[in-house]
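Colleague: quick one: sequence and predicted model below, then my questions.
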Amino acid sequence: MIVSVILYIIIQNQLILKRPFLIGELIGIITIVIILLIIYRTLKYKGSNYLITMGLLIMLIVYFITMHRVLIDNKVFLLSYHLMKLLSFICIFVGVFYHKWEKNHESISQREKQIKLYAEKINIVVDKRTAQLESMNTKLNEDLEYAKIIQQSLLPNKWIDFSDVIFVSNYYPCEKLSGDFYDIFRIDNKHIGMYILDVSGHGVSAAMLTMFCKNSIISGERLIRRYRGLKPHRNLQHFYETFNNAKFPSETHMVMLFASYSVDTRVLKYSSGGLNCYPIVIKENGNVYELSENDGFPISRFGEFYTPEYTSSSTILDIGDIVFFYTDGLTDFTKNKIITYPDLLKLFIEIRNAEKISEVLDEMIEKHKNRLEDDVTYFIMEVK
């Protein structure tokens, strides 16, 4: 294209001047064509170094012509002289520019190759580590599932009938393992013991503490079980001391409530260890009230600084009365969105049957079972 432009200019010049082509002008055109072809083939096959070398050679030729003033004065070589002079600078400039571009392109190519190599190695390492983590995660899930089965096997049956009193319960952990726990058991033929607790946190650490509670609260010795069980505050006092003798982290704590029920006198004795959900009594006549007379100190690692004195309170129940024990996950609407406390009281007024209350609550909890942010535990006691 450049050659065509130059030819067009020369031809127009000849038409204006109305004179034939000179031999020098013809030689200049041929020289331009040859040099441009050399530049093209040099860039395509040789590279920038050859182009710079060619430019320097052309400059030597120009210098040689300059040394022979006769050639410059001769109009035959004048056009070729100036064109060669111009093209020598073009060759050197293009060669230097192409050399820089070639060097940068080579550097970029090397970096791309290195990055590609690094990426391949990283992918291999990532795939290997991912496979290891997946294997570890599978094993961990299997262990957690097994631990879940063990923890739930320690819970009492969801339906217990002691002939004079029945218990209906349920338990919904927000994770595989729960920090909530409860138990219902016979102290002797005439007394029934029960407790509900909520350990701080969730998951494995909280679940391990619930197992510690299971072994510490209920004694295997019949006389000791009776001694502590008939007076709930003694059980809490003993448990507080046992808990502080253990080497748990200082931030570990829990809240709980222990109660015992006499089948003969229908007296329910209870002692609170800081449980923030008071048991709710639903009387046969429709009255509903909380067992809020007893507030105790939470079970915590303050044994070196403070020794609480737990006390027992009592209430007399009648046939048909219902007592509802629960943890705060049930009515914490900001976390679990199951039911508010006022709506729970309305439910007790409308339904005065332990089994039906449990069915309604279970239906509500099941809707949010996969979105729970806190454990939910409850058990219902109904006097027959």
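Modeller: Right, received. Where do you want to start?

Colleague: rest of the way, CA atoms for contacts and neighbours
Modeller: Noted.

Colleague: so what's Lys283 up against?
Modeller: Contact analysis of Lys283 by Cα atoms under 8 Å, 6 or more residues apart in numbering lists 318, 320-322.

Colleague: for those, which single residue is the most surrounded?
Modeller: Ile322 (26 neighbours; other Cα atoms under 10 Å).

Colleague: and that one, its phi and psi?
Modeller: phi -130, psi 140 (degrees, to the nearest 10).

Colleague: that one pairs with what?
Modeller: Ile322 has these beta-bridge partners by DSSP bridges: Ile282, Glu382.

Colleague: and it, how close does it get to Asp332?
Modeller: 22 Å (Cα to Cα, to the nearest Å).

Colleague: cool, Lys113 as well?
Modeller: On the measure of Cα to Cα, Lys113 and Asp332 end up 58 Å apart.

Colleague: neighbour count winner among the two?
Modeller: Asp332 (17 against 12).

Colleague: so the more buried one, which of the three states?
Modeller: Three-state call for Asp332 (DSSP: H, G, I helix; E, B strand; the rest coil): coil.

Colleague: low-scoring pLDDT stretches of the protein, where are they?
Modeller: 1-89, 91-96, 98-99, 102, 219-228 (pLDDT under 70).

Colleague: any chance of the contacts of Lys283 in CSV, plus distance to Ile365?
Modeller: CSV is the format used below for the contacts of Lys283 (distance: Cα to Cα, whole Å):
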residue, distance to Ile365
Asp318, 30
Gly320, 26
Asp321, 24
Ile322, 21
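
Colleague: from those residues, pick the one nearest Asp183.
Modeller: Of all the contacts of Lys283, Ile322 has the smallest distance to Asp183: 17.5 Å, by Cα to Cα.

Colleague: my read is that the closest one contacts Lys356, right?
Modeller: No. Assessed by Cα atoms under 8 Å, Ile322 is found out of contact with Lys356, at 12.0 Å.

Colleague: for the stretch 51-200 of the chain, what spans make up the helices?
Modeller: Assigned helices in the stretch 51-200 of the chain, in chain order: 69-73, 75-153 (criterion: DSSP state H, counting those that start in this stretch).

Colleague: right, I mislabeled it, should have said the stretch 201-350 of the chain
Modeller: Counting by DSSP H, counting those that start in this stretch, the helices of the stretch 201-350 of the chain are 203-217, 222-229, 232-245, 341-350.

Colleague: off-centre distance for the last one?
Modeller: On the basis of Cα atoms, centre = their mean, to the nearest Å, helix 341-350 is displaced by 37 Å from the centre of the chain it belongs to.

Colleague: also the third one?
Modeller: What separates the centre of helix 232-245 from the centre of its chain is 38 Å, taken as Cα atoms, centre = their mean.

Colleague: what is it packed up against?
Modeller: Judged by 3 or more Cα pairs under 8 Å, 6 or more residues apart in numbering; DSSP states H and E, the packing partners of helix 232-245 are helix 203-217, helix 222-229, strand 253-262, strand 267-273, strand 299-300.
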